[in-house]
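[1] dropping a prediction and its sequence here:
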Amino acid sequence: MTTNTAALSNIGALDAAHHLHPFTHMDKLNEGGTRIIQRGEGSLIFDNQGKKYLDAFAGLWCVNVGYGRKSIADAVYQQMNELPYYNTFFSSTTTPTTLLAQKVTAHAGAKMNHVFFTNSGSEATDTWFRMARVYWAAKGMPSKKQVIARRNGYHGSTVAGASLGGMKYMHEHGALPIEGIHHIGQPYWYVEGGDLTPAEFGLKVAQELEAKIEELGEDNVAAFVAEPIQGAGGVIVPPESYWPEIAKICKARNILLVADEVICGFGRTGSWFGHQHFGFEPDLAPIAKGLSSGYLPIGGVLVSDHVADVIRSVEFAHGYTYSGHPVCAAAAIENIRIIEEEKLVERVRDDVGPYLAKALASLLDHDMVGDVQSVGLMAGIQMAADKKTRQRFAKPDEVGTWVRNHCWSNGLIMRATGDRMLASPPLIITHEEIDFLVGTLRNALDAAWKELR
Ligand code: PMP
């Protein structure tokens with residue numbers, strides 16, 4: 001490294017001077033100073049002061065196999081030496097790129113045998129968005145262009161990604177959404193379900209899709225996109241009635257169904273992909289994060305055979321310099337090999353997933369906990385000012401931030417979305433670490449309940 005020691009001891013000041021962070025109010029961050037994360041091992045990370053944290057968020061929902069996997073570093077080193085880069089544009093491929101395509105599709109459904117590589121989940125969103133329109137145009141239905149997504153969904157930060165996402169505060173930055181994108185409601189029963197049962201509410205919000213297709217005209221709609229479980233929106237697990245109805249509507253109305261698997265993929269739900277957990281078959285599925293456990297940036301779009309057959313018949317004018325980057329592919333192959341060999345998907349489904357669900361259920365006796373939802377190792381803990389009436393706090397964001405900061409101060413990294421606490425730990429998390437997670441969260445809730453009332 002060429003960076004000198006004086007500079008290293010001053011990273012905080014250099015960061016404040018030169019680095020603009022994502023999703024951050026920089027002036028506010030610089031008042032408190034940034035945290036410098038130095039090293040990771042298993043489910044733990046350490047900052048540059050040596051303070052240890054349980055990373056119950058797996059980085060940013062991505063470090064599925066945990067930190068410190070030497071075999072991934074070795075695979076990357078070997079590939080770097082052999083061939084650090086070649087493109088996949090000019091009638092070319094590289095061995096790891098193609099082997100990864102085979103490996104990743106082997107875990108998708110029997111009818112999903114193709115993948116288009118990207119560098120991130122946002123690029124995966126832009127890729128399927130264009131691919132869906134190209135698909136209908138190539139089938140002689142160019143009017144099928146409109147895309148339906150959900151309020152409070154998240155699909156990335158590119159122009160198409162932020163437009164498809166249903167986050168108002170993101171739309172405000174950059175005059176979004178772009179044309180041709182429409183949003184329907186989300187299956188967030190706790191807050192929006194009113195007097196309906198969860199099953200009734202799940203059906204009701206699914207039927208908003210039917211109404212929107214009716215409004216736009218079936219011949220104008222290309223696709224519907226949703227995360228199997230909304231992640232950034234708050235780990236919102238839909239009622240059981242939701243996905244079967246959505247899948248039925250898409251089929252009946254000839255609309256492509258896109259399952260955004262960027263968070264749910266690669267074992268997080270206790271299945272390889274979130275749609276498998278819910279038992280439906282998407283036509284397209286963007287992936288990223290757990291594909292390489294974040295060791296290097298890589299994403300992609302899984303493409304079902306009937307879409308691939310059409311796309312293969314045209315020259316799809318789309319791609320990235322680093323689509324299928326050989327070094328990132330080598331990291332992803334080794335990452336998937338680890339998930340397979342250590343049976344991490346089964347571990348989530350049969351062992352740590354149920355263990356986490358049981359531990360979280362113990363929080364339901366807390367005055368401030370209205371609901372807990374988890375599937376595998378993806379959990380949302382709903383806080384409420386009055387749990388009997390499902391009444392929220394007046395300022396949900398402040399409550400979430402307060403609890404999150406308390407957790408961080410006590411060595412536990414969780415995230416807050418409004419008044420929901422979110423967990424998404426590495427798939428290798430142990431029972432003891434889950435006990436620490438739930439115990440530390442309970443202490444934070446106790447402190448918050450005292451402080452906030
Ligand atoms: N889709 C979903 C469901 C996501 O959660 C994210 C990122 N959190 C993205 C897309 C965008 O991925 P990236 O940040 O890699 O661009």
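    Arrived safely, thanks for sending.
[2] for the residue of the stretch 301-450 of the chain found nearest the ligand, which residues are in contact?
    Going by C-beta to the nearest ligand atom, the ligand is nearest to residue 424 of the stretch 301-450 of the chain, at 10.0 Å. The way it works is simple: take the backbone N, C-alpha and C, and place the C-beta from them, glycine included. Contacts of residue 424 were listed using C-beta atoms under 8 Å, 6 or more residues apart in numbering, and they are 56, 57, 58, 61, 231, 235, 263, 268, 377, 378, 379, 415.
[3] cool, residue 75 as well?
    The neighbourhood of residue 75, defined by C-beta under 8 Å, 6+ apart, consists of 330, 331, 333, 334.
[4] so which of these are in helices?
    Using DSSP state H to define helices, the subset of the contacts of residue 75 located there is 330, 331, 333, 334.
[5] does the third one really touch residue 95, like I thought?
    No - using C-beta atoms under 8 Å, residue 333 and residue 95 do not qualify as a contacting pair, with a distance of 9.9 Å.
[6] of the two, which one has the most company?
    Under the criterion of other C-beta atoms under 10 Å, the comparison of residue 333 against residue 95 puts residue 333 first, with 22 against 14.
[7] once you drop chain neighbours, what's closest to the more buried one?
    For residue 333, ignoring the flanking residues on the chain, the nearest one in space by C-beta to C-beta, 6 or more residues apart in numbering is residue 100 at 5.2 Å.
[8] give me the number of residues near residue 136?
    Applying other C-beta under 10 Å, we find 22 residues neighbouring residue 136.
[9] pretty sure it is in a helix, no?
    Yes - assessed with DSSP: H, G, I helix; E, B strand; the rest coil, residue 136 lies in a helix.
[10] retrieve the pLDDT associated with it.
    Predicted confidence (pLDDT) for residue 136: 98.
[11] if we can go back for a sec, elements contacting the helix or strand encompassing the residue nearest to residue 333?
    Assessed by DSSP states H and E, residue 100 sits inside helix 95-106. When contacts are defined as 3 or more C-beta pairs under 8 Å, 6 or more residues apart in numbering; DSSP states H and E, helix 95-106 packs onto strand 114-118, strand 299-303, helix 326-341.
[12] tell me the most buried of those?
    Ranked by mean neighbour count, the helices and strands packed on helix 95-106 are led by strand 299-303 with a mean of 28 (mean count of other C-beta atoms under 10 Å).
[13] what's the angle from that strand to helix 326-341?
    70 degrees (axes from the mean of the first three to the mean of the last three C-alpha atoms, to 10 degrees).
[14] backbone dihedrals for residue 45, please?
    Taking degrees, to the nearest 10, you get phi -130, psi 160 for the backbone angles of residue 45.
[15] residues contacting it?
    With contact set as C-beta under 8 Å, 6+ apart, residue 45 has these partners: 37, 39, 52, 53, 55, 67, 413.
[16] so residue 100 touches residue 334, yeah?
    No - using C-beta under 8 Å, residue 100 makes no contact with residue 334, being 10.1 Å away.
[17] need the residues touching each of the two.
    With C-beta under 8 Å, 6+ apart, residue 100 and residue 334 have no common neighbours.
[18] from the contacts of residue 424, which ones fall inside strands?
    378, 379, 415 (DSSP state E).
[19] for the ligand, give me its nearest residue in the stretch 251-400 of the chain.
    residue 262 (3.5 Å).
[20] same deal with the chain?
    At 2.2 Å from the ligand, residue 121 is the closest residue in the chain, using C-beta to the nearest ligand atom.
[21] now do the contacts for that residue.
    155, 156, 161, 260, 262, 286, 287, 288, 289, 299.
[22] any stretches of this protein with poor pLDDT?
    1-8 (pLDDT under 70).
[23] repeat that with 50
    1-3 (pLDDT under 50).
[24] taking the centroid of it, which residue is nearest it?
    Nearest residue to the geometric centre of the chain (C-alpha atoms, centre = their mean): residue 263, 2.6 Å.
[25] go ahead and confirm it touches residue 287.
    No - checked against C-beta under 8 Å, the pair residue 263 and residue 287 is beyond contact range at 9.8 Å.
[26] quick one: buried residues of the longest helix along the chain?
    Longest helix in the chain, counting residues (DSSP H): helix 431-452. Within helix 431-452, the residues that count as buried by 16 or more other C-beta atoms under 10 Å are 433, 434, 436, 437, 438, 440, 441, 442, 444, 445, 448.
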